[in-house]
Every structure is written in C-alpha cells, then in structure tokens.
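1. Here's my sequence, what's the structure:
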Amino acid sequence: MGLKPSEFADRADIRRNAYSQYENAKNRISLEAAYKLVDTYGLDLDWIYDGDMSRLPHDLANRIAKTLSAA
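-> Down below sits the predicted model:
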C-alpha cells in the first residue's frame with residue numbers, strides 16, 4: 001500500500017509495537033486489531049489469518065501479490 005509499517009499501524013489505530021509483533025509473527029493478531037485493518041484498508045479476515053486472497057478486491061490482491069513476490 002506504499003506505507004511504512006508505522007504509518008500503516010497509525011492509520012488503523014493499532015499500536016506500532018503491537019503491529020510490529022503481528023507483522024514479525026511474534027504474536028497473533030487480535031480480533032479487535034484485525035477488524036481495524038478490515039475497516040481501514042478493506043482487507044478480509046481470511047487474508048489476515050490464513051493468507052487467502054480470494055475475497056480481497058482484485059486491485060488490492062494484485063498489489064499484495066506484487067509486494068510478496070518482490071520480497
């Protein structure tokens with residue numbers, strides 16, 4: 001999405017340190033934080049918890065896929 005992790009967390013009203021732990025797989029994301037990502041970015045719980053992109057908007061799924069393939 002072109003955001004730094006801190007910006008991504010701030011926009012969704014998630015504490016930066018908590019988001020960092022989710023992103024680095026040190027803690028599993030809480031349902032409350034997951035819903036904040038759903039509401040803020042149009043993500044889907046299946047994507048957040050299972051990596052299933054089938055219910056994401058097409059353009060968002062493509063951007064995520066490109067980011068993942070570049071990593």
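2. And for residue 20, nearest residue in space, chain neighbours not counted?
-> residue 5 (6.5 Å; C-beta to C-beta, 6 or more residues apart in numbering). For the C-beta atoms, the positions are set from N, CA and C on the backbone; glycine is no exception.
3. and the one you found, what does it touch?
-> When contacts are counted by C-beta atoms under 8 Å, 6 or more residues apart in numbering, residue 5 touches 16, 19, 20, 23.
4. With neighbour count and secondary structure added, can I get those in a markdown table?
-> Output for the contacts of residue 5, formatted as a markdown table (neighbours: other C-beta atoms under 10 Å; DSSP: H, G, I helix; E, B strand; the rest coil):
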| residue | neighbour count | secondary structure |
| --- | --- | --- |
| 16 | 13 | helix |
| 19 | 21 | helix |
| 20 | 15 | helix |
| 23 | 13 | helix |
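5. for these, which one is nearest residue 34?
-> Nearest to residue 34 among the contacts of residue 5, counting by C-beta to C-beta, is residue 19 at 11.3 Å.
6. which residues in this structure form helices?
-> Counting by DSSP state H, one finds helices in the chain at the ranges 5-11, 16-23, 31-41, 45-50, 58-70.
7. Could I get those helices in CSV, plus columns for mean pLDDT?
-> What follows is those, written out as CSV (pLDDT from 0 to 100):
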stretch, mean pLDDT
helix 5-11, 96
helix 16-23, 94
helix 31-41, 96
helix 45-50, 92
helix 58-70, 87
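8. so what's the residue lying closest to residue 39 once chain neighbours are set aside up against?
-> Leaving aside its chain neighbours, residue 39 sits nearest to residue 12 (7.8 Å; criterion: C-beta to C-beta, 6+ apart). Going by C-beta under 8 Å, 6+ apart, residue 12 touches 19, 33, 36, 37, 39, 40, 41.
9. Check the residues you listed for burial and list the buried ones.
-> Buried by 16 or more other C-beta atoms under 10 Å: 19, 33, 36, 37, 41, out of the contacts of residue 12.
10. of all the contacts of residue 5, which comes closest to residue 47?
-> Using C-beta to C-beta, the contacts of residue 5 come closest to residue 47 at residue 23, 13.9 Å.
11. Nice, that's everything, thank you.
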